[in-house]
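J.: I need the structure of the sequence given here:
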Amino acid sequence: MSAKCFLIPRILILVPIIAFINGNPTSSSQLDQNASSGSNDRLDVRLLMLQLTELVSRDNELTSKVADLISSTARLEEKVAGLERDRLRIDERMKNHDRQVTVLTRNTQRQVKESKREVSSVKSRNKILQRLVKEQKNDISYLKEENMDLKEQLKESGQLVERYRLLGEKVVDHEDKGVHGGFYDVIRKSDSEISAFSVAREFDQSGNSSHFVVITYDKVDINTGEMNPETGVFTCRIPGLYQFFFSVCVTAGGRAFVRLVRNETWETGLYSELGELVQSQGILMALTSNDTVHLELGMNDAFGVCGNRFTVFHGHLLYRA
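T.: Numbers count the residues shown, from 1 in each chain. So this is what the prediction gives:
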């Protein structure tokens, strides 16, 4: 409210008072009647004038104060407007902050999900590794058992060699009997009682995806004639109980399935995918005349056995039928 609006009601109050003081002309009779009280009225008028003057002064002071209040109110309104603008800026910053928090929360949740997937993947790989370790432990245990069997077979082979040596000692020398002595001479002399072979591969051999491949041999240690190293087939000449043993080394990074076949019948075998690890197998079989025994490599181009005499095949007669 402006200062002029504040002064209007006070001016309206002063107007009738001033009019009363100045007054309109009165009649002489009235003046005569009021003569006695004229002096008192003048005193009242003077007092009233003083009061009016004081009221006007106060009214001016109030008007000044009202103007100051109006000015202060305007400044406060400007401050309030400034605070409102600050509030709006703060609200906008809070909205931006909330948006950033939302984005960070989503990113964090995504990272947590990815971490969980990675942990799950690591656990799966760990389970696979544990299974592989367990399988390798089983393989090691199996190889240990095979090693024990090999030791037993070597012991039996040693006993067989001792038998051959004893037989050799019984052979008369060249002067007495006209027969050349020695171990292989015993074998030649005792063809009707002995049947044995020991062959190996010097070079690698690969499989074929269309058919089984018979393993052949290019290194012969012992052969009484029943093993054909070029075809890889042993043909029984003396019926009886035979012991066969074979050892296979898989080519580097490869795998192999090798089986022992008697007369086109699969008797035993082994499978390996460890690469460059020698695995062995043995069997006892009763054979009759003209029975055949050989080793076959499985139907797969990826199958292969290595040479360097790591792939070997042994067999010998234990007892005649």
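
J.: when you work out contacts or count neighbours from here on, use the C-alpha atoms and nothing else.
T.: Will do.

J.: quick check, pLDDT for the most centrally placed residue in the chain.
T.: Taking C-alpha atoms, centre = their mean, the centroid of the chain lies closest to residue 121, which sits 3.0 Å from it. As predicted, residue 121 sits at a pLDDT of 88.

J.: gap between it and residue 254?
T.: Using C-alpha to C-alpha, to the nearest Å, residue 121 is found at 27 Å from residue 254.

J.: likewise for residue 131?
T.: Separation of residue 131 from residue 254 (C-alpha to C-alpha) stands at 20 Å.

J.: the two - which one has more neighbours?
T.: A count of neighbours by other C-alpha atoms under 10 Å puts residue 254 above the other of residue 131 and residue 254, at 15 against 12.

J.: got the phi and psi for the more buried one?
T.: Phi and psi for residue 254, reported as degrees, to the nearest 10, are phi -110, psi -160.

J.: so where do the strands sit in the stretch 201-321 of the chain?
T.: Using DSSP state E, counting those that start in this stretch, the strands assigned to the stretch 201-321 of the chain run over residues 205-206, 213-214, 219-223, 227-228, 233-235, 240-249, 256-262, 265-272, 278-287, 292-297, 304-305, 312-320.

J.: now for the last one, which elements pack on it?
T.: Identification of packing neighbours for strand 312-320 by 3 or more C-alpha pairs under 8 Å, 6 or more residues apart in numbering; DSSP states H and E yields strand 196-200, strand 240-249.

J.: roughly how far is the longest helix belonging to the chain from the heart of the chain?
T.: Ranked by residue count under DSSP state H, the longest helix found in the chain is helix 38-170. Centroid separation between helix 38-170 and its chain, computed with C-alpha atoms, centre = their mean, to the nearest Å, is 25 Å.

J.: for it, packing partners?
T.: helix 3-22, helix 183-189, strand 278-287.

J.: hang on, the earlier thing: measure the residue nearest to the centre of the chain to residue 115 for me?
T.: Going from residue 121 to residue 115 by C-alpha to C-alpha gives 10 Å.

J.: with residue 294 instead?
T.: Distance, residue 294 to residue 115, by C-alpha to C-alpha: 56 Å.

J.: and for residue 291?
T.: Distance check for residue 291 against residue 115: by C-alpha to C-alpha, it reads 64 Å.

J.: so these two - more neighbours on which side?
T.: Shown here are residue 291 and residue 115; by other C-alpha under 10 Å, residue 291 has more neighbours (16 against 12).

J.: residues touching that one, list them.
T.: Counting by C-alpha atoms under 8 Å, 6 or more residues apart in numbering, residue 291 touches 235-236, 262-263.

J.: next, it: phi, psi?
T.: For residue 291, the backbone dihedrals are phi -60, psi 150 (criterion: degrees, to the nearest 10).

J.: what stretches of the stretch 101-250 of the chain score poorly on pLDDT?
T.: Along the stretch 101-250 of the chain, the parts satisfying pLDDT under 70 run over 147, 150-151, 153-154, 156-192.
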